[in-house]
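Asker: Predicted model and sequence follow; I will ask about them next.
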Amino acid sequence: MKQAVRLFLVVFVVVAVATKIVLLSIPQETSVMPDGNHIVLFHAEVRCVTCTKMESLIKQVLDEPKYGNLDLVTLEYDKPSNKEFAEQFHIGTTGIILVEQKNGVTVRSCDVSSEAWSHIKNDQDFVEMLQAKLTEFYGQPANL
């Protein structure tokens, strides 16, 4: 009985590893970020409570009419099709990047991840920090 269980586990691990290797070797289509002004939220495929809270607070800010020209883009940093963006912005964990995209090229960007992480425990602090960063990066809300 022990040998049967051991054999099953070995076969299972071998099949799982082989499947992952095959999936990683298949060429992935690279994601394309549309032109415009964006708040890019990078997160893992398996999301944590903090990540979903950040997304909720970003959406709360973007619901204000003065931010009508901004879009929220969510990207899984651990997904092969998003590898290029994750590398471009040096993302290896949940992060928030402000991006201005024109003609398929990132014109400028600002990483606000460290500020986001330091303010996430207080919703109002997070919202105020994000609003200040948006104004600093994109200009007055009327210019968005």
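Answerer: Thanks, I have the structure now. Residues are numbered from 1 along each chain as shown.

Asker: alpha carbons only for contacts and neighbour counts from here, please
Answerer: Noted.

Asker: got a list of what residue 35 touches?
Answerer: Residues in contact with residue 35, defined by CA atoms under 8 Å, 6 or more residues apart in numbering, are 100, 101, 102, 103, 104, 105.

Asker: at 10 Å instead, please
Answerer: 99, 100, 101, 102, 103, 104, 105, 106, 107 (CA atoms under 10 Å, 6 or more residues apart in numbering).

Asker: Tell me the first helix or strand C-terminal of the longest helix along the chain.
Answerer: For the chain, the longest helix by residue count, based on DSSP state H, is helix 2-25. Moving toward the C-terminus from helix 2-25, the next helix or strand (DSSP states H and E) is strand 36-43.

Asker: list the helices and strands that next one packs on?
Answerer: helix 49-62, strand 70-76, strand 95-102, strand 105-111, helix 123-138 (3 or more CA pairs under 10 Å, 6 or more residues apart in numbering; DSSP states H and E).

Asker: Can you name every helix or strand that the fourth one contacts?
Answerer: Counting by 3+ CA pairs under 10 Å, 6+ apart, the packing neighbours recorded for strand 105-111 are strand 36-43, strand 95-102, helix 123-138.

Asker: Please name the bridge partners of the residue most central in space within the chain.
Answerer: Computing the C-alpha centroid of the chain and ranking residues by CA atoms, centre = their mean puts residue 42 first, at 1.1 Å. Taking DSSP bridges as the rule, residue 42 bridges to residue 75, residue 95.
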